[in-house]
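Asks: Sequence first, predicted coordinates after that:
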Amino acid sequence: MNETIQPIDNGLLLALQSDYLIEGYKQDYVELALFDYSLELCTGLFKVTEAYAPSDGKFHLSMTTVTNCISQIGIVYAGLLNGLKKKNSEVYVMEYNIRFLRPINELEFNVTAVMNRIKRKKDAIIYTMNGEVQQGAFSYEVTFLFPIAEML
């Protein structure tokens with residue numbers, strides 16, 4: 001089938017886009033307020049200090065914001081598990097899977113994490129971490145490469 005691809009007028013293109021994804025997400029400020037951990041599990045409490053006002057007037061935790069929070073939990077947890085006092089290098093996500101089972105409208109929410117699989121490389125550790133956000137509202141699994149060359 002040979003369809004002709006047609007350009008869209010810039011006005012229509014702008015009108016169809018999400019205001020949140022254009023600029024709104026930049027207005028979301030979330031802080032990691034508490035963090036508890038053991039070798040088996042960690043929990044972080046996040047507080048939304050500022051948020052984009054959605055068109056329906058009701059706050060909901062976005063995919064964009066929550067993936068950043070989950071990533072932050074992984075970085076802090078891996079650093080603690082490796083005895084770091086400071087993050088030394090960039091952490092690289094290899095795979096990210098998340099399920100959104102129900103909306104989160106609270107301005108405070110918990111993220112829990114467990115490191116399930118660990119694969120050691122010469123200069124890095126590959127972690128697979130899974131957990132949930134706000135008692136099962138979202139569930140996730142993320143695999144990331146945590147450099148350790150600076151630690152040796």
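Replies: Done, it's in.
Asks: so Ser139 sits right up against Val114, yeah?
Replies: No. Using CB atoms under 8 Å, Ser139 is not in contact with Val114; the gap is 11.7 Å. Every residue, glycine included, has its C-beta placed from N, CA and C.
Asks: shared neighbours of these two, anything?
Replies: The overlap between the contact sets of Ser139 and Val114 (CB atoms under 8 Å, 6 or more residues apart in numbering) consists of Asn130, Gly131.
Asks: Check which element follows the worst-scoring helix or strand of the chain on mean pLDDT along the chain.
Replies: Across the helices and strands of the chain, mean confidence by mean pLDDT, DSSP states H and E is lowest for helix 19-22: a mean of 90. Per DSSP states H and E, the first helix or strand lying C-terminal to helix 19-22 is strand 29-37.
Asks: Listing partners with orientation, what would you give for that following strand?
Replies: Using DSSP bridges, strand 29-37 pairs in its sheet with strand 42-50 (antiparallel).
Asks: Which parts of the partner strand count as buried, going by neighbours?
Replies: Cys42, Thr43, Gly44, Phe46, Val48 (16 or more other CB atoms under 10 Å).
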